[in-house]
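In: Mind folding the following:
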Amino acid sequence: MIRRVHEVMTGNPVTVEQLTSLAEAARVMRDAGIGDVLVVAEGRLHGILTDRDIVVRALAEGRDPTETTVRAVCTTDPVTVAPDDGVDQALDLMRRHALRRLPVRTPSGDLVGIVALGDLEIERDPGSPLASISAAQPSPWPTPAEPT
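Out: Numbering: from 1, shown residues only. Sure thing, here's the model as predicted:
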């Protein structure tokens, strides 16, 4: 039986508005224990922002994370899949576009989830090292020590 994206995706994706600061988006990611947020404009998907985007496209370029918006550094028009697409189709898109995450949209454009490479690996080979890592619960971030 062909498995469908909606069977392996994470529902209720975390979103931020495109004018959200990078600092606030980073806090949202930290608090949710995730490495990406979907960027929306008036409720519609505009892009995807990863923790790596913040580091490479903003901090490494000297941008101020409190002044820079997610719109300035996110990947726009991300490749997406539909909830009823097959898992193999999602894997093929990830391979062809060198992606680790795919937003999941209905045919009418509503965001309903996100599917990550780890989600698909858990489905494909639950005993693989990537599946084990992906299935593990993240540890909470320690509170930073006060400067001395």
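
In: is it true that Val39 touches Val28?
Out: No: the criterion here is Cβ atoms under 8 Å, and Val39 misses it with Val28 at 11.2 Å. Heads up, the C-betas are built off the backbone N, CA and C, glycines and all.

In: ranges for the helices of this structure?
Out: Remark: helices assigned in the chain by DSSP state H are 5-8, 22-32, 51-53, 70-73, 87-97, 117-124, 129-135.

In: Compare these and give me the one nearest Arg105.
Out: helix 5-8 (10.4 Å; Cβ to Cβ).

In: With adjacent residues omitted, what lies nearest to the spatially most central residue of the chain?
Out: Centroid-nearest residue in the chain: Asp36, 3.5 Å away (criterion: Cα atoms, centre = their mean). Nearest non-adjacent residue to Asp36, counting by Cβ to Cβ, 6 or more residues apart in numbering: Thr50, 4.5 Å away.

In: how many neighbours does the one you found have?
Out: Close neighbours of Thr50, defined as other Cβ atoms under 10 Å, add up to 20.

In: That one contacts Gly35, doesn't it?
Out: Yes: using Cβ under 8 Å, Thr50 is in contact with Gly35, at 5.8 Å.

In: can you put the helices of the chain in CSV and add distance to Val104?
Out: Formatted as CSV, these follow (distance: least, Cβ to Cβ, whole Å):
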stretch, distance to Val104
helix 5-8, 6
helix 22-32, 17
helix 51-53, 20
helix 70-73, 20
helix 87-97, 9
helix 117-124, 10
helix 129-135, 17
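
In: Lowest average pLDDT across the ones you listed?
Out: Confidence, taken as mean pLDDT, is least for helix 129-135 of the helices of the chain (a mean of 48).

In: Go ahead and confirm Cys74 touches Ile48.
Out: Yes: judged on Cβ under 8 Å, Cys74 makes contact with Ile48 at a distance of 6.2 Å.
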